[in-house]
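Trainee: make a model of this:
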Amino acid sequence: MKRLPLAVLIALTFSLPAAAAEAADRPNVLFIAIDDMNHWVGHLGRHPQSQTPCIDALASQGVAFSRAYCLAPACNPARAALMSGQRPSSTGCYRNAQNWRPGIDEARLLNSHFARAGYRVYGAGKIYHGAGDRGGEWDDYFPGKAETQRHPDAKNDGVGGIRFYPLANSDEEMPDYQVVSYGIKKLQEKSDKPFFLAIGLVKPHMPFSVPKKWFDRFPLESIQLPPHRADDLLDLPPAGRRMAGAEGDHAQMVASGRWKEAVQAYLATIAFADAQVGRLLDGLEKSPHRDNTIVCLWSDHGWSLGEKSHWRKFALWEEPTRTVLVWKAPGVTSPGGLCGRTVDHSSIYPTLCELAGLPLPEHLDGVSAVPLLKDPQAAWSTPAVTTFGFQNHTVRSEGWRYIRYEDGGEELYDETADPLEYVNLAERPEHAARKAELARWLPASNAENLPFAAGKEPKKRKK
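Mentor: Just a heads-up that it's a prediction; the model follows:
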């Protein structure tokens, strides 16, 4: 994308406030994106065997959110929404098979906004949907592709569409390692302009495949499966059962007897990704920018490994929608902050703008979470909203989850009494007021679907 002169762009859009007039006075931004990492990290405690010391260390230095949620449980719409600051219901980008560009002005993207404000804008790896998708303005971009080879001990590709196997590669041969190495080099640069450096790790995205030494950290015989009830889907509406897809991935996994192997592979891949985060943060500590750099670490959505008989993302329950979100902002956050307020990724764009002293674009759907960075226990009344597909939404407050599907089907869970979401309370009359309270946060309008790639349109269900 060709960049217009900065002065022209500023004149066409807005005037920077006096406090942000000198770019050199503004903080740098290290923007760390992780692909398909659910909340199996140590500081959130969801899986007791997870090994994430580097992400946990960052969390101990700033503010971690224990109830952070994606805008869509799929890579393409989640990232397009986060980077544009616009919900899927505002743009029409709901699924992976849609091109987000017809619904989102590239000048509105987060990296473009920082570029217009005088930042050096660098990216590497997966920020948008795919290493080759470089939406908006960048001064430089490193895709970070490399070849990998299965380890001789690998049985096969996995079970059905759930792919997992160890690799014969070294860490240094992995694409994520090379992406982080690019980031470390950029952190050493000196300039009179601040930087916005976006580093996107592909792991733990499938295949759950990393060098075998990471698998060896998790002996198969000791692997603990996630909680699961065979009757969990009986009280769901038809749309919820369809999203679970239990007759597909889960049935095949149970029949194969390899459920523990899949969990082992996911834990191994998380541990590898955590080590790459550690390398990058160590590079920041050794750089001249350590004391003037905002760190924002996020995962694009969660992942299910058999909970509710569901695998992958692509659903509106806790596991596919809950994410990792950690902030460290010099002069704003204090060490050891754990925030239990519900936020979604629409807060990231405005929070970065406020921290960097940039104006808030009018198109943003979310609000800044800076009050929570300053005081993780501050009052906060805004729930998280996640969307998957046209008119399928969930609202998550601190105590409740409400789901409404396009066909009118509903689910309601008491997250305090039932954190595993086993009992759907939506049809119980005593909870009608609760449903109505949560439903008022559903999007007021739903943009029509953007065009799908040929042959990728969702199947229409019979009513």
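
Trainee: for the closest residue to residue 385 other than its chain neighbours, grab phi and psi.
Mentor: Excluding its sequence neighbours, the residue lying closest to residue 385 (Cβ to Cβ, 6 or more residues apart in numbering) is residue 395, at 5.5 Å. Yep, even glycine has a C-beta here, placed from its N, CA and C like the rest. Here is the backbone geometry of residue 395 (degrees, to the nearest 10): phi -110, psi 130.

Trainee: then the one 3 residues further on?
Mentor: In this entry, residue 398 is assigned phi and psi values of phi -60, psi -30 (degrees, to the nearest 10).

Trainee: ok, for it, nearest residue in space, not its chain neighbours?
Mentor: Spatial nearest neighbour of residue 398, excluding adjacent residues (Cβ to Cβ, 6+ apart): residue 342 at 5.6 Å.

Trainee: and that neighbour, bridged to which residues?
Mentor: On DSSP bridges, the residues paired with residue 342 through beta bridges are residue 67.

Trainee: hmm, it is touching residue 318, no?
Mentor: No: Residue 342 lies out of contact with residue 318 (Cβ atoms under 8 Å); the separation is 11.6 Å.

Trainee: what do the two both touch?
Mentor: residue 396 (Cβ atoms under 8 Å, 6 or more residues apart in numbering).

Trainee: okay, helices next: where are they in the stretch 301-450 of the chain?
Mentor: Secondary structure of the stretch 301-450 of the chain (DSSP state H, counting those that start in this stretch): helices at 318-321, 348-356, 370-374, 432-439.

Trainee: and the contacts of stretch 243-261?
Mentor: Contacts of stretch 243-261 (Cβ under 8 Å, 6+ apart): 158-162, 164, 220, 223, 225, 233, 236, 262, 306, 308-312, 314-316, 388.

Trainee: hang on, the earlier thing: most packed of the helices of the stretch 301-450 of the chain?
Mentor: helix 318-321 (a mean of 27; mean count of other Cβ atoms under 10 Å).

Trainee: could I get the CA-only coordinates of that helix as CSV?
Mentor: C-alpha atoms of helix 318-321 as CSV (Å, rounded to 0.1, in the frame of the first residue of the first chain):
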residue,chain,number,x,y,z
GLU,A,318,-15.9,-20.3,27.3
GLU,A,319,-13.1,-22.4,25.9
PRO,A,320,-13.2,-21.1,22.2
THR,A,321,-13.7,-17.5,23.2
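
Trainee: quick check: mean pLDDT across that helix?
Mentor: When pLDDT is averaged over helix 318-321, the result is 98.

Trainee: helices or strands up against it?
Mentor: strand 304-305, strand 393-396 (3 or more Cβ pairs under 8 Å, 6 or more residues apart in numbering; DSSP states H and E).

Trainee: now render the helices of the stretch 301-450 of the chain as TSV, adding distance to residue 183.
Mentor: Output for these, formatted as TSV (distance: least, Cβ to Cβ, whole Å):
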stretch	distance to residue 183
helix 318-321	28
helix 348-356	17
helix 370-374	23
helix 432-439	40
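
Trainee: minimum distance to residue 93: which of those has it?
Mentor: helix 348-356 (15.5 Å; Cβ to Cβ).

Trainee: which residues touch the closest one?
Mentor: Applying Cβ under 8 Å, 6+ apart, the contact partners of helix 348-356 are 20, 26-27, 29, 31, 82-85, 110, 113-114, 117, 194, 294, 296, 298, 325, 327, 329, 332, 358-361, 364, 366-370, 373.

Trainee: that helix: how far from the chain's middle?
Mentor: 17 Å (Cα atoms, centre = their mean, to the nearest Å).

Trainee: again with stretch 42-57
Mentor: 17 Å.

Trainee: what of stretch 248-264?
Mentor: Averaged C-alpha coordinates place stretch 248-264 at 25 Å from its chain's average position (Cα atoms, centre = their mean).

Trainee: all strands for the stretch 151-300 of the chain, in order.
Mentor: 158-159, 162-163, 195-201, 293-299 (DSSP state E, counting those that start in this stretch).

Trainee: any idea of the mean pLDDT in the first one?
Mentor: On average, the pLDDT along strand 158-159 is 97.

Trainee: then stretch 254-263?
Mentor: In this model, stretch 254-263 carries a mean pLDDT of 98.

Trainee: any idea how far apart the tips of it sit?
Mentor: 13 Å (Cα to Cα, to the nearest Å).

Trainee: mark which of the contacts of stretch 243-261 are buried, thanks.
Mentor: 158-159, 162, 164, 223, 233, 236, 262, 306, 308-312, 314-316, 388 (16 or more other Cβ atoms under 10 Å).

Trainee: counting neighbours, what do you get for residue 418?
Mentor: 13 (other Cβ atoms under 10 Å).

Trainee: residue contacts, it?
Mentor: Going by Cβ under 8 Å, 6+ apart, the list of residues near residue 418 is empty.
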